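Enquirer: Sequence and predicted model, in that order:
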Amino acid sequence: MCGIVGITADHEALANAIDYLVNGLKRLEYRGYDSAGFGFIECRTGRLIVLKDKGKIDEVVEKYNVTSYCGVAGIAHTRWATHGAPNKANAHPHVDCSGKVAVVHNGIIKNFVELREFLEERGHVFKSDTDTEVIAHLFEEFLKTERDPFEAFKKTISMLEGAYAIVLLYADQPLRLYFARKVSPLIIGVGRGFNIVSSDIPSILPLTRNIIALRDDEYGYIEPYMVYIEYKGQKTSWRQRITTVTWSVEDAEKAGYPHFMLKEIMEQPRVLYETFTGLTSSNEVYDAARLINEADYVFVTGAGTSYHAGLVFAYYMSRLARTPVIPFISSEYKSYESLASEKAVLIAVSQSGETIDTLQALRAFKAKGARIIAVSNVIASTIPRESDSVVYTRAGPEIGVAATKTFLTQVLALTMMAMQLANMRGYISDGEYKDMVELLSRAGRVAGEGINASTREVERLVDALKKKHSIYVLGRGLGVPLAYEAALKIKEVSYIHAEAYPAGESKHGPIALIEKGFPVIFVGAEPGEDYLEMIQGNILEMKARGAFTIVVGHDAYTKLEGVDYAIGIGEQPVILAPYAIIPPLQLLAYKLAVSLGYDPDKPRNLAKTVTVE
Ligand code: F6R
């Protein structure tokens, strides 16, 4: 949801800040791509220059020949539009009347209408429809009365209501960048002779792996040799807060793949293995299971793909640990917060660790005394930081907007939690537990085999599906959350409408749409005969109405009567089924998008890390 980055550098450390700004911003493009812009202090003249327009970063960089400039310090922004159409005027950075102040912002300033009136009464002229522009003018206004620009900045942020990550550049202090964080994420990359402030880790990786995750309501400034952070008027010490991230710069690059989405699908065997080994050699899963064991009520929440992982968790908790779990979509937390108490535990699943809906659910539950367990992929992000216990997936940076590798690593981590609890509660013996862990150690291999074995069939299926307008994805048992995830992937990158239902539910309405050739994908995740028989019935019902029936699942499903097209995964124990079934479906979504001429890394209207409600 908007990516911002700023750098200030000593000439010795970095000859030209622009090259970094462009590179750093491109690494945040998954956060929005409606418009892009750069504001920097030009090396030769010391003047503030702003270059911005609608469109993707590369288009703006090329149009304004951005890399031909030299800058000592600068800020940049890639936008996911909230207030105002995605056009040039609304692109960030926004400047004040004097042309000396430039600001980039991620978030929403709720009281911007009143602030704008306040500023217009004082003669400020606005050039955009955005909420952000008030920040530049407020700073300009307070510079009239405050001799110290930092005081003017503090006064500025004290006027703002809402959510924000802000970076502000003031031409009279060319090597200083002011920043502030409330709700929207912001990190500092600490370097030698330079410092960076950014929305997310991938953008700082080319220059440093040392980060400070800013906390809510912190603000301050960076200079090439200085980081200064304040909280409520008090200077905070930050050196002991530096975290060194283990991700490498290559992790955040395409490594020869045409798209991040494909690279990240292909990385699944490795990252599943890394998540498995990371979790088996740490106490994270055990600590989380202990918290669950102490609770009377267990909730799991997340948005989108993370919610689907939560549904898989609820399934394994029921099956293995015989423990009921209440799953809810995080933006719906208000319907559930009355159930929160000291006796409850909430598992907040979030790849980014920053999704605002999930964060709000967490805070609402925490306020009522519930214990919180985060399942996240990003170290030091807000959701883990505000939780009592954290289970980290080790998927590395996920840049493709559609979540792929993080889903299966979440499933793996959550399954391990359910298994651990089942063992603690005596539902599975130590021996059974060990056997299950041994099985799960194969998750990565199973994913790799699933990818290799299905690639050709997936390609043929793409030809059959790419002209369709709508697809159903049906499953039973474990197949239901996997079907939800498959449908989400297909619709968000290929723009073909895809809808998932429990297969039995299809008779209660959805079947009305079936006509000749309507594609229905059945996810066969449950190995049992009973499930097989029920799905057989569903396939025949669809077939009788002319549907084009596809099965992705255990080999036994591929042999059912009435199946038109099948992708078999061999016979897997139910605990390994997700790793075999999901990769072919992710590949299907990816290949559909590419065959239809869409960029799967940047689906329209979407952005990764949703930090607005
Ligand atoms: C779908 C997708 C989104 C995210 C959702 C939650 O492919 O990527 O649905 O899963 O926005 O994001 P996190 O997990 O970062 O909280």
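Expert: Cool, got the structure. All of these numbers come straight from a predicted model, not from anything done at the bench.
Enquirer: Tell me which residue of the protein lies closest to the ligand.
Expert: Taking CB to the nearest ligand atom, the ligand has its nearest neighbour within the chain at G304, 1.8 Å off. All C-beta spots, glycine's among them, are computed from the backbone N, C-alpha and C.
Enquirer: hang on, isn't that residue packed against E485?
Expert: No: with contact defined as CB atoms under 8 Å, G304 does not count as touching E485 (9.0 Å).
Enquirer: residues from the chain in reach of the ligand?
Expert: 303-306, 350-352, 355, 358, 402-403, 488, 492, 609-610 (CB under 6 Å from any ligand atom).
Enquirer: Please report which of the residues you listed has the highest neighbour count.
Expert: Ranked by the number of neighbours (other CB atoms under 10 Å), those place S350 first, at 33 neighbours.
Enquirer: contacting residues around that one?
Expert: When contacts are counted by CB atoms under 8 Å, 6 or more residues apart in numbering, S350 touches G302, A303, S306, T358, L359, A374, V375, S376, S381, I383.
Enquirer: Remind me which helix or strand the fourth one belongs to.
Expert: Counting by DSSP states H and E, the element that carries T358 is helix 356-367.
Enquirer: tell me which strands and helices that helix is in contact with?
Expert: Contacts defined by 3 or more CB pairs under 8 Å, 6 or more residues apart in numbering; DSSP states H and E place helix 356-367 against strand 297-302, strand 344-350, strand 371-376, helix 382-385.
Enquirer: Could you tell me the average pLDDT over the helix or strand following the shortest one, please?
Expert: Reading on from helix 382-385 to the C-terminus, the next helix or strand found by DSSP H and E is strand 389-392. The predicted model gives strand 389-392 an average pLDDT of 96.
Enquirer: returning to that earlier point: and the residues of the chain next to the ligand, which is closest to A136?
Expert: Set against A136, the nearest of the residues of the chain next to the ligand by CB to CB is T609 (24.5 Å).
Enquirer: how close does V563 get to F548?
Expert: 10 Å (CB to CB, to the nearest Å).
Enquirer: same question, A171
Expert: Using CB to CB, one obtains 62 Å as the distance from A171 to F548.
Enquirer: repeat for P600
Expert: To F548, P600 is 23 Å away according to CB to CB.
Enquirer: Also P324?
Expert: Distance from P324 to F548, counting by CB to CB: 38 Å.
Enquirer: Pick out whichever of the two has more residues nearby.
Expert: Ranked by neighbour count (other CB under 10 Å), P324 and F548 place F548 first, with 19 against 10.
Enquirer: okay, the helices and strands packed on helix 356-367, which one's buried deepest?
Expert: Mean neighbour count (mean count of other CB atoms under 10 Å) peaks for strand 344-350 among the helices and strands packed on helix 356-367, with a mean of 29.
Enquirer: Okay, angle between it and strand 371-376 too, please.
Expert: 20 degrees (axes from the mean of the first three to the mean of the last three CA atoms, to 10 degrees).
Enquirer: Quickly run through the sheet partners of strand 344-350, with directions.
Expert: Looking at strand 344-350 with DSSP bridges, its partner strands are strand 297-302 (parallel), strand 371-376 (parallel).
Enquirer: biggest helix in this structure by residues?
Expert: helix 443-465 (DSSP state H).
Enquirer: who touches whatever helix or strand comes next after that one?
Expert: Where DSSP H and E defines the elements, the next helix or strand beyond helix 443-465 is strand 470-475. Outside of strand 470-475, the residues within contact range by CB under 8 Å, 6+ apart are 465, 482-484, 486-487, 490, 496-503, 506, 510, 513, 518-525, 538.
Enquirer: what mean pLDDT would you report for the helix or strand just after strand 470-475?
Expert: For strand 470-475, the following helix or strand on the C-terminal side (DSSP H and E) is helix 479-494. What helix 479-494 shows for mean pLDDT is 98.
Enquirer: and what of stretch 421-431?
Expert: Per-residue pLDDT over stretch 421-431 has a mean of 97.
Enquirer: Surely V125 is within a helix?
Expert: No: per DSSP: H, G, I helix; E, B strand; the rest coil, V125 lies outside any helix segment and is coil.
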